[in-house]
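[1] Structure for the following, please:
(one chain, ligands or ions: 1)
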Amino acid sequence: MTIEQIQHTGLKPIPSVELVSQPLSSGDLNDLCDATEDAIKAGGGFGWIQLPNRNLLERFWQGVLAMPQRLLFVARLDNVICGTAQLILPARSNEAQSYHAQLSGLFIAPWARGQGLSRRLLDFVEKTAQHRGYAVINIDLRETQEAAIQLYESAGYNMIGKHPLYAVVNEKFVAGRSYYKLIQPLENIDPQTRGQSL
Ligand SMILES: CC(C)(COP(=O)(O)OP(=O)(O)OC[C@H]1O[C@@H](n2cnc3c(N)ncnc32)[C@H](O)[C@@H]1OP(=O)(O)O)[C@@H](O)C(=O)NCCC(=O)NCCS
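    Now for the predicted structure:
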């Protein structure tokens, strides 16, 4: 049954979010690539501007999964991947920022928007980061990403500043914004246990 058919019958699709901890099945990889392509076609907003070819996209997602410093999260509707986010962990050499993680590449495919999935995904990313002993999440994004700005500000992210030359889209500079959120105070984090789980 398609999402349209489920909505037509009045049954609400079931949302879920998860941290990907196993290699993606070919079905999941396919759904993730479909969602990425749909979101890029709808204006992107998470890095890609031009639609890459499918092989490149598949290799990109497999590469993300292979990187120990990146955690890949997905959102599903009725088990179909429809969105994603990544948490980029600090390099081991970056001791001064070892309590900071960067949220990147959060998007929901256009067909699944407006159902609270990005808020659910963001909340789960934050809880996972807390559990792993991080204190601060940083985000930067283009100023044109208004829905995402609303999402982050309403979730308690504080704007640090604006970058007038943040990105280049269609050969023109686009301004950006940087945000941070304290997800837990340092006093709540036990350095001993934290060291074992990193
Ligand atoms: C931003 C985005 C992730 C929102 O996804 P979504 O699942 O539709 O969002 P939700 O339904 O969970 O809504 C959460 C909040 O986002 C904000 N929001 C979502 N859509 C919005 C819109 N069209 N206009 C303004 N704010 C919007 C609201 O604050 C909303 O909270 P509310 O429902 O209480 O008002 C989605 O529009 C998207 O993928 N955009 C393109 C990619 C992007 O900009 N990513 C950010 C890069 S870091």
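
[2] Tell me how far the residue nearest the centre of the chain lies from Arg113.
    Centroid-nearest residue in the chain: Ala85, 1.8 Å away (criterion: C-alpha atoms, centre = their mean). From Ala85 across to Arg113, the span is 14 Å (C-beta to C-beta, to the nearest Å). The way it works is simple: take the backbone N, C-alpha and C, and place the C-beta from them, glycine included.

[3] quick one on the thing from earlier: does the residue nearest to the centre of the chain count as helix, strand or coil?
    strand (DSSP: H, G, I helix; E, B strand; the rest coil).

[4] now do Glu153
    Assignment for Glu153 (three-state DSSP): helix.

[5] How confident is the prediction for it, by pLDDT?
    We have a pLDDT of 98 for Glu153.

[6] Make 215 the first number, not 1, from now on.
    OK, 215 is where the count begins now, so the last one is Glu367.

[7] which residues does it contact?
    Counting by C-beta atoms under 8 Å, 6 or more residues apart in numbering, Glu367 touches 373, 393.

[8] Now do it against the ligand, distance only.
    8 Å (C-beta to the nearest ligand atom, to the nearest Å).

[9] ok, now which ones touch Ala326?
    Counting by C-beta under 8 Å, 6+ apart, Ala326 has contacts 217, 249, 289, 291, 296-297.

[10] Compute the number of surrounding residues for the spatially closest residue to the residue nearest to the centre of the chain that is not a sequence neighbour.
    Leaving aside its sequence neighbours, Ala299 sits nearest to Leu320 (C-beta to C-beta, 6 or more residues apart in numbering; 3.9 Å). Residues lying near Leu320 (other C-beta atoms under 10 Å) number 24.
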